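Asks: The following block contains a protein sequence and its predicted model.
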Amino acid sequence: MKRSEYLILFEKFLAGEASEEEIAKVMTYKDDLELAEAKEMDAEERERGARILSGLNEATGHGARSVRYHNTWLYVAATILVLLVTGIYLWSNISGPKENNASYALRNNDVKPGKDKAVLKLANGKEVVLSNQSSGTLVNQGGITVSKEKNGSLNYIISSAGKANATSGYNTLTTPRGAEYHITLEDGTKVWLNSASTLKFPVAFTNKERRVQIAGEAYFEVAKNKHKPFKVVFNDQEIEVIGTHFNVNAYDDEPDAKTTLLEGSVKVTRNGKKQVLTPGEQAVSTRNQRGFTVNKVDVQEAVAWKNGFFQFRNASLVSIMRQASRWYDVDVVYEKGFSPDEYGGRVTKYKNISELLNNLELTGTVHFRLDGRRIIVMK
């Protein structure tokens, strides 16, 4: 089994998605892979692996013998960390006392994760702070009832009697840093809005097409209606769909805008270039350049935020910290000489920020200091 194939299998294993047969393969190939790849590592890489394994042992309160024989999956995790030569993998599936999962310094100045928060701007300009509202009907807008569900999500419902009088005004849903929100539009389309993002949409889709605007990041599950295409507009791009599942990442502070397709098909248009994506493809457009490129990608990485995780593959530290900054509502300051390494792995985003930072520190390549809502990245 190739190392790349093993890593894919290993990710499924840690995510709890592997079958019994796949778990058996993880265990069977671990020792052979470790022996073969260890020969290829230089002294620095072997030293890095030793630091990582030592950190994992310390975090769980187990010695090396205990980890090897009683927590096989954890040893496998450490092995993968040692074997990767193109990046550093980190995982938060570490057992043991919760208070040992972060250094004292980080834990003592911790920052809580984001939560469901958003502001809804109505067609008349009135703003509704949704976190201050109880569940139930919030407002009626020209035949459309806007309600907050018990789970906190927003729901637009049009009655049969209200269709004839439905308003054509626009509403805007905005999440601040440190927040996310879920909304069901009038046509049944579901949208998950990530931190520091904005969705502008018609109260009712009364025109020949369903057109919305997005800034930041959002995941869409579009209700099918072949007679009324759904269009998403952001920056200088347009996505046209009939019914499909896709993610748009178009933050102003990211170098690229990315459209990732999970199900169905979408047509991406930018500066005259048009291309239809198939599931598993991602359109990437770089600022100040015309057109876009299309690549095959791991779609689960693109939508990990919606499912409660930070998930990376060969990601720079700067890229990871941009995501952390938005979700935890913190500022990031870099000292000279911070790690140029690339990282990979999966960490829950619903724990305090020390969980993410400590997992990064376990690689031995970077350290952090928390000062209020500011993270200092150190060598």
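Replies: Done, it's in.
Asks: So for the closest residue in space to residue 293 that isn't next to it in sequence, what's the pLDDT?
Replies: Residue nearest to residue 293 in three dimensions, not counting chain neighbours: residue 284, with 5.2 Å by CB to CB, 6 or more residues apart in numbering. In this view, the C-beta of every residue, glycine as well, is placed from N, C-alpha and C. According to the prediction, residue 284 has pLDDT 96.
Asks: Over to residue 236?
Replies: At residue 236, the model reports a pLDDT of 88.
Asks: Secondary structure element holding residue 22?
Replies: Element membership for residue 22, per DSSP states H and E: helix 20-38.
Asks: which stretches of the stretch 51-200 of the chain form strands?
Replies: Listed in chain order, the strands of the stretch 51-200 of the chain (DSSP state E, counting those that start in this stretch) span 88-91, 115-116, 119-121, 127-129, 136-141, 144-148, 154-158, 170-175, 179-184, 190-193, 197-202.
Asks: Determine which of the ones you listed approaches residue 297 most closely.
Replies: strand 88-91 (17.7 Å; CB to CB).
Asks: how close does the residue nearest to residue 293 get to residue 252?
Replies: 16 Å (CB to CB, to the nearest Å).
Asks: Who has more neighbours out of those two?
Replies: Set side by side, residue 284 and residue 252 show more neighbours around residue 284, with 16 against 10, by other CB atoms under 10 Å.
Asks: List the residues that contact the more buried one.
Replies: When contacts are counted by CB atoms under 8 Å, 6 or more residues apart in numbering, residue 284 touches 256-258, 292-295.
Asks: now the residue nearest to residue 293, which residues is it bridged with?
Replies: For residue 284, the beta-bridge partners under DSSP bridges are residue 258, residue 293.
Asks: which residues in this structure form helices?
Replies: Taking DSSP state H as the test, the helices found in the chain are 3-14, 20-38, 43-60, 64-70, 72-83, 104-108, 299-302, 317-328, 353-361.
Asks: Worst mean pLDDT among those helices?
Replies: Across the helices of the chain, helix 64-70 has the smallest mean pLDDT, namely a mean of 37.
Asks: who wins for proximity to residue 215 among the strands of the stretch 51-200 of the chain?
Replies: With CB to CB as the measure, strand 197-202 is the member of these nearest residue 215 (4.5 Å).
Asks: Distance from that closest one to the middle of the chain?
Replies: With CA atoms, centre = their mean, to the nearest Å as the basis, strand 197-202 stands 19 Å off its chain's centre.
Asks: same question, stretch 254-268
Replies: Put simply, stretch 254-268 sits 14 Å off its chain's centre (CA atoms, centre = their mean).
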